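Structure, please.
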Amino acid sequence: MAYDTAGDPRGGLKGTHRTPEKLSAHFKSAGISVCPNTVARLLKSLDYALRVNHKKKSSTSNPYRDQQFDYIKNQRQSFETAKCPIVSVDSKKKELIGNFKSAGAAWSQEPILVNDHDFKRDAKGIALPRGTYDLTANRGHLCIGLSHDTSAFAADALCHGWRQEGRRRYHAAHRLLLLADSGGSNHCRHRAWKYNLQTRLCDPFGLILTVCH
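Here you go, the predicted model:
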């Protein structure tokens, strides 16, 4: 175990690169018969633990970060008080279209056979999910593109959701609060994103749009 131990010497946490199955096989080659479950119990008694990485270290600390979130909170409260709609938009994970493995299970007599590797060259295309979430109504709307995640597509997905559900639910609304991250197709500095929001959403539907990144 000396060469397979890792951890934090200051906090006392230890870990091993080998699984209980590999350790059990190693012990058997040395003439010691022990099952993986017993190996796991022995590791626990030696203060080893099964752990995963934790994202807790911050690279930078911006003194104005709290002000940003306080501003978004105040905007939300203001729109909620005025009974104006609030929506959040974001891109979801891209998926290859084709005979590829996906999460989930189904009752069947035989397993469904899929490709053994997820090579992009074997895909019929790439699905680009773009989600819109209505915070007030707790409703979601999803558009799937097949080309590229551009600012025009991001604005079109939002407009489609508003046309299908938003304006029916809030037919008297003239103001809309939009929450988005500051990356990708809805980046705060993308002029195409702002232009398409104005020409494809605000002008056709007569909306005054407030965007918070």
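
contacts and neighbour counts: CA atoms only from here.
Fine.

Next one: the most centrally placed residue in the chain from residue 187, what distance?
For the chain, the residue lying nearest the average C-alpha position, counting by C-alpha atoms, centre = their mean, turns out to be residue 92 (6.2 Å). Counting by C-alpha to C-alpha, to the nearest Å, the gap from residue 92 to residue 187 is 15 Å.

Kindly report the same for residue 41.
Using C-alpha to C-alpha, residue 41 is found at 50 Å from residue 187.

Please identify which of the two sits among more neighbours.
Legend: neighbour count by other C-alpha atoms under 10 Å for residue 41 and residue 187, higher for residue 187 (16 against 12).

from memory that one sits against residue 193, does it?
Yes: between residue 187 and residue 193 a contact is recorded at 7.3 Å, counting by C-alpha atoms under 8 Å.

quick one: contacts for residue 122?
Counting by C-alpha atoms under 8 Å, 6 or more residues apart in numbering, residue 122 makes contact with residue 98.

so what are the domain limits for the chain?
What automatic domain parsing lists as the domains of the chain is 5-45, 65-97+124-212.

can you put those domains in TSV and add mean pLDDT?
Listed next are the domains of the chain as TSV, based on pLDDT from 0 to 100:
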stretch	mean pLDDT
domain 5-45	78
domain 65-97+124-212	93
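
Can you tell me which of the ones you listed is most buried?
Each of these was scored by mean neighbour count; the highest is domain 65-97+124-212, a mean of 16, by mean count of other C-alpha atoms under 10 Å.

So for that one, first residue to last residue, what's the gap.
14 Å.

The residue in the chain sticking out farthest from the centre and residue 24, how far apart?
Most distant from the centre of the chain: residue 31, at 47.7 Å, with distances by C-alpha atoms, centre = their mean. Note on residue 31: its distance to residue 24, by C-alpha to C-alpha, is 11 Å.

related to what we said a few turns ago, and of the domains of the chain, who's closest to residue 110?
Closest to residue 110 of these, according to C-alpha to C-alpha: domain 65-97+124-212, at 22.4 Å.

hmm, back to that, the domains of the chain into TSV, with extra columns for distance to residue 117?
Formatted as TSV, those follow (distance: least, C-alpha to C-alpha, whole Å):
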stretch	distance to residue 117
domain 5-45	25
domain 65-97+124-212	12
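
Quick one: the helices in the chain, in order.
20-29, 36-45, 65-81, 151-161, 167-169, 191-197, 203-205 (DSSP state H).

Dump those to TSV, plus distance to residue 105.
What follows is the helices of the chain, written out as TSV (distance: least, C-alpha to C-alpha, whole Å):
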stretch	distance to residue 105
helix 20-29	27
helix 36-45	28
helix 65-81	39
helix 151-161	30
helix 167-169	36
helix 191-197	39
helix 203-205	43
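
out of these, which comes closest to residue 106?
Of all those, helix 20-29 sits nearest to residue 106, with 29.5 Å by C-alpha to C-alpha.

Show me what that closest one is packed up against.
For helix 20-29, the packing partners by 3 or more C-alpha pairs under 8 Å, 6 or more residues apart in numbering; DSSP states H and E come out as helix 36-45.

Please work out which residues outside the helix it packs on touch it.
Counting by C-alpha under 8 Å, 6+ apart, residues outside helix 36-45 touching it are 20, 21, 23, 24, 49.

redo that, cut-off 6 Å
Here helix 36-45 makes contact (C-alpha atoms under 6 Å, 6 or more residues apart in numbering) with 20, 21, 24.
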